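Asker: fold the following, please.
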Amino acid sequence: MELEYGYGQTPLDDDEKEGLLIKTISTHGELNELEQLNIEEAELWRHTSPEATEKVLTEAFVKKLHRKMFNKVWSWAGYFRKSNKNIGVEWAEIPMSLKYLLDNTKYWVKNGVYNNDEIAIRFKYEIVKTHCFSNGNGRHSRIMADILIESLGGSSFSWNGFNMTNPDETRKQYIDAIKEVDKSNDFSSLIKFARG
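Answerer: The predicted structure follows:
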């Protein structure tokens with residue numbers, strides 16, 4: 001299967017493509033559909049799991065959510081990547097980078113360093129920068145942000161009512177908001193986009 005990558009998407013290595021569990025998939029559209037069905041099941045799980053609010057800021061939960069989101073599609077779902085990408089820390093640094101982020105986020109929450117929306121969006125931004133997994137990091141980070149904000153007593157983000165797998169104007173606005181943070185460390189555009 002040849003995959004076509006849109007604006008801001010991270011290509012898979014050949015060995016990562018070998019991890020596709022359903023070998024009859026022949027188009028990127030079919031892959032997106034199957035992944036979306038898997039993600040919808042993960043969303044149902046997270047709404048009924050006490051883990052989602054009690055253990056959200058743990059490495060185990062970060063991995064478990066990714067596994068729940070992609071375990072019917074990819075054999076490497078829930079496992080940290082084993083190669084470097086065009087984004088993210090060196091693959092061997094992922095566990096330490098994630099621990100640093102989780103500890104920082106707990107500190108932000110405990111000490112009210114930022115308002116809850118900004119805590120959740122900062123966490124989302126930083127976990128994508130770490131890029132823990134071979135693929136699905138953006139989708140995973142958005143659900144993590146929703147779970148985190150809900151655990152803090154807020155409502156989930158709307159993300160402009162879009163899952164951002166299609167390379168359209170909404171995805172471009174999302175990527176542009178992330179690039180704004182890259183340049184200025186100002187999260188206001190990304191928060192505004194998330195709240196839609």
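
Asker: show me what counts as buried in stretch 57-67.
Answerer: Neighbour-count burial for stretch 57-67 flags 57, 61-67 (criterion: 16 or more other C-beta atoms under 10 Å). Using the backbone N, CA and C atoms, a C-beta is placed for each residue, glycine as well.

Asker: actually stretch 65-85, not the one I wrote
Answerer: 65-71, 73-74, 76-78, 80-81, 85.

Asker: pLDDT check: weakest of the residues you listed?
Answerer: Lowest pLDDT among these: Lys85, with 92.

Asker: isn't that residue right next to Thr10, touching?
Answerer: Yes. The criterion here is C-beta atoms under 8 Å, and Lys85 meets it with Thr10 at 5.3 Å.

Asker: which neighbours do those two have in common?
Answerer: Listed as contacting both Lys85 and Thr10 by C-beta atoms under 8 Å, 6 or more residues apart in numbering are His131.

Asker: all strands of the chain, in order?
Answerer: With DSSP state E as the criterion, the chain has no strands.

Asker: helix or strand with the lowest mean pLDDT in the chain?
Answerer: The helix or strand of the chain with the poorest confidence is helix 51-54; it has a mean of 78 (mean pLDDT, DSSP states H and E).

Asker: what is the burial count for Trp108?
Answerer: 18 (other C-beta atoms under 10 Å).

Asker: which other helices and strands contact the longest helix anywhere in the chain?
Answerer: The longest helix of the chain (DSSP state H) is helix 28-48. Contacts defined by 3 or more C-beta pairs under 8 Å, 6 or more residues apart in numbering; DSSP states H and E place helix 28-48 against helix 59-70, helix 137-151.

Asker: between the ones you listed, which gets nearest to Val89?
Answerer: Taking C-beta to C-beta, helix 137-151 is the member of the helices and strands packed on helix 28-48 nearest to Val89, at 11.9 Å.

Asker: kindly export the longest helix of the chain (C-alpha atoms) in PDB.
Answerer: What follows is helix 28-48 as a C-alpha-only set of coordinates in PDB (Å, rounded to 0.1, in the frame of the first residue of the first chain):
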ATOM      1  CA  HIS A  28      -5.100   5.700   2.400                       C
ATOM      2  CA  GLY A  29      -8.800   6.400   2.600                       C
ATOM      3  CA  GLU A  30      -9.500   2.800   3.800                       C
ATOM      4  CA  LEU A  31      -6.700   3.100   6.300                       C
ATOM      5  CA  ASN A  32      -8.200   6.400   7.600                       C
ATOM      6  CA  GLU A  33     -11.600   4.800   7.900                       C
ATOM      7  CA  LEU A  34     -10.300   1.800   9.900                       C
ATOM      8  CA  GLU A  35      -8.200   4.000  12.200                       C
ATOM      9  CA  GLN A  36     -11.200   6.300  12.800                       C
ATOM     10  CA  LEU A  37     -13.400   3.300  13.800                       C
ATOM     11  CA  ASN A  38     -10.700   2.200  16.200                       C
ATOM     12  CA  ILE A  39     -10.400   5.700  17.600                       C
ATOM     13  CA  GLU A  40     -14.200   5.800  18.200                       C
ATOM     14  CA  GLU A  41     -14.000   2.600  20.200                       C
ATOM     15  CA  ALA A  42     -11.100   4.200  22.300                       C
ATOM     16  CA  GLU A  43     -13.300   7.300  22.900                       C
ATOM     17  CA  LEU A  44     -16.100   5.000  24.200                       C
ATOM     18  CA  TRP A  45     -13.600   3.300  26.500                       C
ATOM     19  CA  ARG A  46     -12.100   6.500  27.900                       C
ATOM     20  CA  HIS A  47     -15.600   7.800  28.800                       C
ATOM     21  CA  THR A  48     -16.300   4.800  30.900                       C
END
